[in-house]
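S.K.: For reference, the sequence and a predicted model appear below.
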Amino acid sequence: MPLCMSNIDGKLSVMDINASGLPFRVGFVLIDDFPLMSYAAALEPLRAANLLAGIALYDIRNIPVSAARSVSSSGALVRANAFLGEQVDFDLVLVVAGGNLLHAEYPRLYSWLRLLAARGVLMGGVSGGPLLLARAGIMNDRRMTVHWDHAEVLLALSHQLIVERSLYVRDRDRLTCAGGTAPLDMMHALISEQHGAAFARKISDWFLHTDIRPGEGAQRAGLSQRYNTNNSAVLKAIEAMENHIADPLELSQLAILAELSVRQLNRLFRHVFATSTVQFYRHLRLQKAHALLQASSLTISAIASTTGFANAAHFSRCFSEHYSLSPKAFRLSVQHATNVHVKNQQT
């Protein structure tokens, strides 16, 4: 039952709040190196709801994957008050993850998530968390989103996943969020659904969160802001490039889409970016390859194909020229840095 507002002084009626039943039980599964901002943006609206209502609308539990606490990317410690597999009747479980998920395999977590999903529990992920939901096999045939930094890895995981570049997505019993400040918007929607828009607005105002965004909002700034140009022809060409990473377009095709001649398009790119159109396009594809090498387990041949290179040898040569390091050497350096980071956290 939604919360009701008194017509006299605007205060919440405790009787109406209690009529909604027991607290909504939310479990935060925290993967070490989780993004603290994303976690706080999801948890704090629930805490504020309890504070402003004067009773516990939400029962919040923190669940590390191992040990008795989790460590955020900034080194903040969050102590456990629940554990994987514990007999807690959760209403919502959110997996919060970030950092390098290249070697993130958590079979015990995956089994528990599948068990909860089979029971009909509302399951969700924040930032990189949706990637782990997909690896657990509980996102088939459901729309989802993830932080843009993990999007390429998620898309490479399975062609059956329905991935959107949104702030958050609710599809039946799945709730996924891109992270950052987007959980503030997602929790506003959840609290509105459960306790009414007026109460949810009080919580958003509490956090000075006055510009509430819809779930389908964009994760990143537009092309104009990202590339610092307002030239419509250049932006049309870049949009086409970003939509054709695995199947690169010919320069003549880009020129047609930009409604310019090849010569005019090249002149514009050299003026705006001090490089040719083809070189700019290759740099975009190499950036995608760089991200996949860092955060996926795809083979070098598969990454070469995914980013539009003719073969692994051609890709390796272009990557080495651009980054002064071969794809294999770069991946080994990432794995070494990850192992050192994990070892330092354990000590």
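M.R.: Sure, I can see it. On a predicted model such as this, the values are computed, not experimentally measured, just so you know.

S.K.: Run through the residues that contact the residue sitting nearest the centre point of the chain.
M.R.: Nearest to the geometric centre of the chain sits His147, at 2.2 Å (Cα atoms, centre = their mean). Residues in contact with His147 (Cβ atoms under 8 Å, 6 or more residues apart in numbering) are 98, 127-128, 178-180, 219. Every residue, glycine included, has its C-beta placed from N, CA and C.

S.K.: Now Asn230. Its backbone dihedrals?
M.R.: Per-residue torsions, Asn230: phi -110, psi 10 (degrees, to the nearest 10).

S.K.: Would you map the strands across this structure?
M.R.: For the chain, the strands defined by DSSP state E occupy 24-30, 58-64, 69-71, 77-79, 92-97, 122-127, 143-144, 162-163, 168-171, 174-177.

S.K.: Now mean neighbour count and distance to Ala189 too, for the ones you listed, in TSV please.
M.R.: Output for those, formatted as TSV (neighbours: other Cβ atoms under 10 Å; distance: least, Cβ to Cβ, whole Å):
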stretch	mean neighbour count	distance to Ala189
strand 24-30	23	14
strand 58-64	20	15
strand 69-71	19	26
strand 77-79	13	25
strand 92-97	26	13
strand 122-127	28	12
strand 143-144	20	15
strand 162-163	17	20
strand 168-171	21	7
strand 174-177	27	9
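
S.K.: re the thing from before, could you point out which of the contacts of His147 is nearest to Val153?
M.R.: Proximity of the contacts of His147 to Val153 (Cβ to Cβ) peaks at Gly128, which lies at 8.7 Å.

S.K.: Nearest residue to the closest one in space, please, no chain neighbours.
M.R.: Distances taken as Cβ to Cβ, 6 or more residues apart in numbering put Ala97 closest to Gly128, at 4.1 Å, once the chain neighbours are dropped.

S.K.: where's that neighbour relative to Gly27, distance?
M.R.: In this view, Ala97 and Gly27 are 14 Å apart by Cβ to Cβ, to the nearest Å.

S.K.: mind listing the helices for the stretch 51-200 of the chain?
M.R.: Counting by DSSP state H, counting those that start in this stretch, one finds helices in the stretch 51-200 of the chain at the ranges 107-118, 129-135, 148-157, 182-195, 197-206.

S.K.: Buried ones in the third one, by neighbour count?
M.R.: Read that as helix 148-157. Neighbour-count burial for helix 148-157, counted by 16 or more other Cβ atoms under 10 Å, picks out 149-154, 156-157.

S.K.: Flag the shaky bits of the stretch 101-250 of the chain, pLDDT-wise.
M.R.: The stretch 101-250 of the chain contains residues with pLDDT under 70 at 101-104, 158-159, 216-222.

S.K.: in the sheet, who's paired with the residue lying closest to Leu30 once chain neighbours are set aside?
M.R.: Excluding the flanking residues, the one nearest Leu30 by Cβ to Cβ, 6+ apart is Ser70, at 3.7 Å. Beta bridges link Ser70 to Val78, judged by DSSP bridges.

S.K.: Is Ser70 in contact with Ala76, as I believe?
M.R.: No. Under the criterion of Cβ atoms under 8 Å, Ser70 makes no contact with Ala76, lying 9.0 Å away.

S.K.: thought Ala48 was touching Phe207?
M.R.: Yes. Counting by Cβ under 8 Å, Ala48 does reach Phe207; the two are 7.1 Å apart.

S.K.: which of the two has more neighbours?
M.R.: Set side by side, Ala48 and Phe207 show more neighbours around Ala48, with 19 against 14, by other Cβ atoms under 10 Å.

S.K.: what about that one, distance to Asp185?
M.R.: Going from Ala48 to Asp185 by Cβ to Cβ gives 15 Å.

S.K.: same check, this time on Val334
M.R.: From Val334 to Asp185 the distance is 32 Å (Cβ to Cβ).

S.K.: The two: who's more crowded?
M.R.: Asp185 (23 against 17).

S.K.: Which residue, other than its chain neighbours, is closest to that one?
M.R.: Leaving aside its chain neighbours, Asp185 sits nearest to Arg213 (4.7 Å; criterion: Cβ to Cβ, 6+ apart).

S.K.: Kindly report the same for Met37.
M.R.: The nearest residue in space to Met37 (Cβ to Cβ, 6+ apart) is Gly180, at 6.3 Å.

S.K.: Next up, the contacts around that neighbour.
M.R.: Taking Cβ under 8 Å, 6+ apart as the criterion, Gly180 is in contact with 35, 37-38, 41, 127, 147.

S.K.: now His290
M.R.: For His290, the contacting residues are 319, 323, 330, by Cβ under 8 Å, 6+ apart.

S.K.: if we go to 10 Å?
M.R.: 303, 307, 319, 322-323, 327, 330, 334 (Cβ atoms under 10 Å, 6 or more residues apart in numbering).

S.K.: Format those residues as CSV; extra columns: distance to Phe269.
M.R.: As requested, those are arranged in CSV below (distance: Cβ to Cβ, whole Å):
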residue, distance to Phe269
Ile303, 26
Thr307, 20
Phe319, 22
His322, 17
Tyr323, 21
Pro327, 26
Phe330, 27
Val334, 31
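
S.K.: quick one: which of those has the most company?
M.R.: Top of those by neighbour count (other Cβ under 10 Å): Phe319, with 26 neighbours.

S.K.: got the buried residues for stretch 290-300?
M.R.: By neighbour count on 16+ other Cβ under 10 Å, the buried set for stretch 290-300 is 290-296, 298, 300.
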